[in-house]
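1. Build me a structure from this.
(chains A, B, C and D)
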There are 2 protein chains.
Amino acid sequence: MQKRSEISSGAVADLTQATRLLLDDFLPYRLSFTSNLVSEAIARAYEALFGLRIPEWRLIAVIAEHDGITQQAIGLRTRMDKVTVSRAAVSLTERGLIERRPNPEDRRSHLLVLGPTGRRLYAEIVPKALELEARVFGAFTQAELDFFQSMLRRIEKIAGS
Amino acid sequence: MQKRSEISSGAVADLTQATRLLLDDFLPYRLSFTSNLVSEAIARAYEALFGLRIPEWRLIAVIAEHDGITQQAIGLRTRMDKVTVSRAAVSLTERGLIERRPNPEDRRSHLLVLGPTGRRLYAEIVPKALELEARVFGAFTQAELDFFQSMLRRIEKIAGS
DNA sequence: CGAAGGTAGTTTCAATTGATACCATGCTAT
DNA sequence: ATAGCATGGTATCAATTGAAACTACCTTCG
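-> Numbering: from 1, shown residues only, chains lettered A, B, ... in the order given. Okay, here's the model as predicted:
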């Protein structure tokens, strides 16, 4: 397969060249493509195993890691819309997985904590999540994974500003 | 920041450990997070610059690269839903950017080609797209980018089956 | 104080998405 | 040939999403 020339070089000049095969090597596209593939697989698994949708699972994870966090802090951290966070929080509360405690410092907000049931569920989820991760990323060396992680974070820094 | 242990090792055993900081280093999450960040930036730019949504821009790119492709082939190649492809094709036809020729080999399908206007637009889009790409990925060396690409493709192979 | 403006979270609504059903055409086997 | 099943593409509908308006509370400043 032919390779596109370097991104930052003057590759653009030769339109005939650029006209062929832009999309396949276009990194934003490639990244989105791969991410969707992985996300779909994960989403299906969570839905089937625990009846959780992605935002719900993320809330559980974040709350488990940061007990008593507020919804808006979750939004900041995960970049989920506050509406999405709100809906997931309501749904998880209804299912008895999390509790919303009043925030003594600000009565507009709630502090979210896992209830006993939620904590138990989380303990079930974690190994399963790692297993799913390993199914996709288990074939790579630790060095490759570290590098991949660090690249993702560098990209985030650049794109997120 | 504490680092999670290796994926494929028995890290799961220590729940106290796993209970902290699962999400931030969880690769499917990280991947989706980064991808969304980049996609949003790109989508905004295309919308603002050319009035194109992502599926439409993808169609244009694929058609430019594969003149006379059918909708279903586009769906296969890009993993876009056939409904999404259909809508984008209709919209682009209405805007006079592409033409749908009858397929002599199968009267159910159309062969999509860029019209003159579409071709001109594509010629404008390409350099802009490369520029956007460079804005996010320009800080990396070619070796890093190649490696990143190849990892994405390996991940696709594993997750896409 | 209390008016003015800001923020946490929810509700509402419109847009986007994808599953499903559907139509027209194509293919295969009798 | 034609009956029966498969496929390209479109239409319909229900679910998901996020923008904007709204409510309740908080903060600042005259």
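2. any weak-confidence spans in chain A?
-> Within chain A, the ranges that satisfy pLDDT under 70 run A:1-21.
3. so which residue of it comes closest to DNA strand D?
-> Nearest to DNA strand D in chain A, going by Cβ to the nearest atom of the strand, is A:Arg107, at a distance of 3.2 Å. No exception for glycine: its C-beta is placed from N, CA and C like everyone else's.
4. Assumed that residue was part of a strand.
-> No: A:Arg107 is assigned coil when assessed by DSSP: H, G, I helix; E, B strand; the rest coil, not a strand.
5. what's the neighbour count on the closest residue in space to A:Ile98 that isn't next to it in sequence?
-> Nearest residue to A:Ile98, sequence neighbours excluded (Cβ to Cβ, 6 or more residues apart in numbering or on different chains): A:Leu92, at 4.5 Å. Each residue near A:Leu92 was counted by other Cβ atoms under 10 Å in any protein chain shown, and the total is 25.
6. Equivalent analysis for A:Arg135, please.
-> Using other Cβ under 10 Å: A:Arg135 sits among 15 other residues.
7. Also the one 5 residues further on?
-> As a burial measure, A:Phe140 scores 19 neighbours (other Cβ under 10 Å).
8. Please name the residues that touch it.
-> A:Phe148, B:Met151, B:Arg154 (Cβ atoms under 8 Å, 6 or more residues apart in numbering or on different chains).
9. nearest to B:Arg79, of the residues you listed?
-> The nearest member of the contacts of A:Phe140 to B:Arg79, counting by Cβ to Cβ, is B:Arg154 at 16.9 Å.
10. isn't there a helix covering that closest one?
-> Yes: assigned with three-state DSSP, B:Arg154 falls within a helix.
11. quick revisit: select from the contacts of A:Phe140 the one having the most neighbours.
-> A:Phe148 (20 neighbours).
12. need the contact list for the residue in chain A that chain B sits nearest to.
-> Using Cβ to the nearest Cβ, A:Ser35 is the residue of chain A that sits closest to chain B, at 3.5 Å. Counting by Cβ under 8 Å, 6+ apart, A:Ser35 makes contact with B:Leu31, B:Ser32, B:Thr34, B:Ser35, B:Asn36.
13. For the buried ones among the residues you listed, write the corresponding PyMOL selection.
-> Restricted to buried positions by 16 or more other Cβ atoms under 10 Å in any protein chain shown, the PyMOL selection for these reads:
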select buried, chain B and resi 31+32+34+35+36
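14. Looking at the contacts of A:Ser35, which are in helices?
-> Among the contacts of A:Ser35, DSSP state H puts B:Leu31, B:Ser32, B:Thr34, B:Ser35, B:Asn36 in helices.
15. For A:Phe140, which three-state class applies?
-> Quick answer, by three-state DSSP: A:Phe140 is coil.
16. Against B:Thr117, how distant is it?
-> 45 Å (Cβ to Cβ, to the nearest Å).
17. Equivalent analysis for A:Phe33, please.
-> A:Phe33 is 28 Å from B:Thr117, where distance means Cβ to Cβ.
18. circling back to that earlier point, specify which member of the ones in helices among the contacts of A:Ser35 is nearest to A:Leu49.
-> For these, the nearest to A:Leu49 is B:Ser32 (18.3 Å; Cβ to Cβ).
19. Please report how far that closest one lies from A:Arg53.
-> B:Ser32 sits 13 Å away from A:Arg53, going by Cβ to Cβ.
20. cool, A:Phe140 as well?
-> 28 Å.
21. do the same with A:Gln142
-> 31 Å.
22. Pick out whichever of those two has more residues nearby.
-> A:Arg53 (16 against 12).
23. Just want the phi and psi numbers for the more buried one.
-> phi -90, psi 160 (degrees, to the nearest 10).
24. so what's it closest to, chain neighbours aside?
-> A:Glu47 (6.6 Å).
25. what about A:Ala43, how many neighbours?
-> When neighbours are counted by other Cβ under 10 Å, A:Ala43 registers 16.
26. for DNA strand D, what are the nearby residues on chain A?
-> Chain A comes close to DNA strand D at residues A:Arg53, A:Ile54, A:Pro55, A:Met80, A:Asp81, A:Val83, A:Thr84, A:Arg87, A:Asp106, A:Arg107, A:Arg108, as judged by Cβ under 7 Å from any atom of the strand.
27. Put the buried members of those residues into a PyMOL selection.
-> One line in PyMOL is enough to select the buried members of those, burial here meaning 16+ other Cβ under 10 Å:
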select buried, chain A and resi 53+54+55+80+84+87
